[in-house]
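K.L.:
What shape does this take:
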Amino acid sequence: ELDTVAPSNVGQLLARQHLDGGFGGPLSTAMALSALLDMGYTGRAIDPARDALIRSSLHHGGWQCEDFVVDGYGSPAWTTALALNVLLRCEGDA
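P.N.:
Numbering: from 1, shown residues only. Next up is the predicted model:
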């Protein structure tokens, strides 16, 4: 069923990409990049999103917390885990 929903969802995600390549904060960018890869997208938006995610890393190598749901739920560990996962996936596709 992914083939039927991917085209419209990819388009909706790409419409939300910022000029810097990201999709908001580091968690939003990692989630959007992961979704694009999950849907088989291999277009030009991948590299700028990956680069934005790398630029958003902290000096110690992790990523800051970005709320996952309302009222401050989230953690630096969750953002870092997803960011590292999707960066490894980008390298695997390169």
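K.L.:
shaky segments in the chain?
P.N.:
93-94 (pLDDT under 70).
K.L.:
mind listing the helices for it?
P.N.:
2-14, 26-38, 46-55, 76-93 (DSSP state H).
K.L.:
got a list of what residue 18 touches?
P.N.:
Going by CB atoms under 8 Å, 6 or more residues apart in numbering, residue 18 touches 24, 52. For glycine as for every other residue, the C-beta is placed from the backbone atoms N, C-alpha and C.
K.L.:
What's the separation between it and residue 29?
P.N.:
Using CB to CB, to the nearest Å, residue 18 is found at 9 Å from residue 29.
K.L.:
what's the answer for residue 73, then?
P.N.:
Separation of residue 73 from residue 29 (CB to CB): 18 Å.
K.L.:
Have a look at those two and say which one is more surrounded.
P.N.:
Neighbour tally, residue 73 and residue 29, criterion other CB atoms under 10 Å: the higher count belongs to residue 29, 30 against 10.
K.L.:
Now do the contacts for that one.
P.N.:
If a contact means CB under 8 Å, 6+ apart, then residue 29 has 21, 22, 23, 49, 52, 53, 56, 83 as its contacts.
K.L.:
show me what contacts the residue most central in space within the chain?
P.N.:
With distances taken as CA atoms, centre = their mean, residue 30 lies nearest the centre of the chain, 2.2 Å away. By CB under 8 Å, 6+ apart, residue 30 lies in contact with 53, 63, 79, 82, 83, 85, 86.
K.L.:
Could you rerun that using 7 Å?
P.N.:
Applying CB atoms under 7 Å, 6 or more residues apart in numbering to residue 30 gives the contacts 53, 79, 82, 83, 86.
K.L.:
Residue 48 now?
P.N.:
So residue 48 contacts residue 21 (CB under 7 Å, 6+ apart).
K.L.:
how far away is it from residue 32?
P.N.:
11 Å.
K.L.:
cool, residue 74 as well?
P.N.:
Counting by CB to CB, the gap between residue 74 and residue 32 amounts to 16 Å.
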